[in-house]
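In: No letters, just coordinates:
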């Protein structure tokens with residue numbers, strides 16, 4: 001098992017956002033474990049995506065389907081394609097989080113963000129924080145769960161096309 005430094009954990013979060021902004025979706029998807037989830041709660045303080053509704057709760061298969069839709073040549077609703085930009089606050093290592101167990105190869109990292117999604121003449125700004133549950137997979141960091149909490153998660157909003 002590799003002992004990852006705080007810098008390596010932070011760099012992983014920055015690199016993950018850059019892959020999304022540069023639309024390297026397959027590389028991004030490969031950061032996830034096969035049993036991973038991408039979760040965007042519908043309410044503040046939500047603790048269980050199975051007992052309450054969510055804006056998104058997608059396993060790796062659903063993430064792959066979304067990527068195929070985004071990158072497909074016949075996806076006319078994405079012509080021209082949406083683009084994104086992440087502005088991240090310095091990630092923090094959540095040492096008091098119950099899931100954070102470095103000796104077991106489990107890490108929890110949180111980063112506040114501003115996220116812009118744009119397509120044609122529309123630009124939408126979202127703000128919130130992402131919490132990553134990462135595991136050591138043979139010396140490589142992988143995402144077990146990415147939770148994205150939006151400041152305005154309980155507000156009416158436009159359809160989110162990409163990944164935050």
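Out: Perfect, thanks for sending it. Just so you know, these numbers come straight off a predicted model, no measurement behind them. Residues are numbered from 1 along each chain as shown.
In: list the buried ones in the helix or strand where residue 107 lies?
Out: Taking DSSP states H and E as the criterion, the element that holds residue 107 is strand 106-119. Of all the residues in strand 106-119, those buried under the rule 16 or more other Cβ atoms under 10 Å are 106, 107, 108, 109, 110, 111, 112, 113, 115, 117, 119. Every C-beta, even on glycine, is put in place using the N, C-alpha and C of the backbone.
In: tilt between whatever helix or strand comes next after it and strand 106-119?
Out: Note on strand 106-119: by DSSP H and E, the next helix or strand toward the C-terminus is strand 122-137. For strand 122-137 against strand 106-119, the angle by axes from the mean of the first three to the mean of the last three Cα atoms, to 10 degrees is 160 degrees.
In: shaky segments in this structure?
Out: Along the chain, segments meeting pLDDT under 70 span 1, 75-79, 161.
In: Could I get the full set of strands for the protein?
Out: Per DSSP state E, the chain carries strands over the ranges 32-41, 54-59, 83-88, 92-93, 106-119, 122-137, 140-150.
In: Can you list phi and psi of residue 153 for me?
Out: In this entry, residue 153 is assigned phi and psi values of phi -60, psi -30 (degrees, to the nearest 10).
In: Contacts only, for the nearest residue in space to residue 64 that is not next to it in sequence.
Out: Spatial nearest neighbour of residue 64, excluding adjacent residues (Cβ to Cβ, 6 or more residues apart in numbering): residue 29 at 6.3 Å. For residue 29, the contacting residues are 60, 63, 64, 67, taking Cβ atoms under 8 Å, 6 or more residues apart in numbering as the criterion.
In: Show me which of these are buried.
Out: When these are checked for burial by 16+ other Cβ under 10 Å, the buried set is 60, 63, 67.
In: Turn the buried residues of strand 106-119 into TSV, columns for distance to residue 56.
Out: Listed next are these as TSV, based on distance: Cβ to Cβ, whole Å:
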residue	distance to residue 56
106	23
107	22
108	20
109	20
110	18
111	18
112	19
113	16
115	14
117	14
119	18
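In: sorry, back to before: could you measure the residue nearest to residue 64 against residue 149, distance?
Out: Using Cβ to Cβ, to the nearest Å, one obtains 22 Å as the distance from residue 29 to residue 149.
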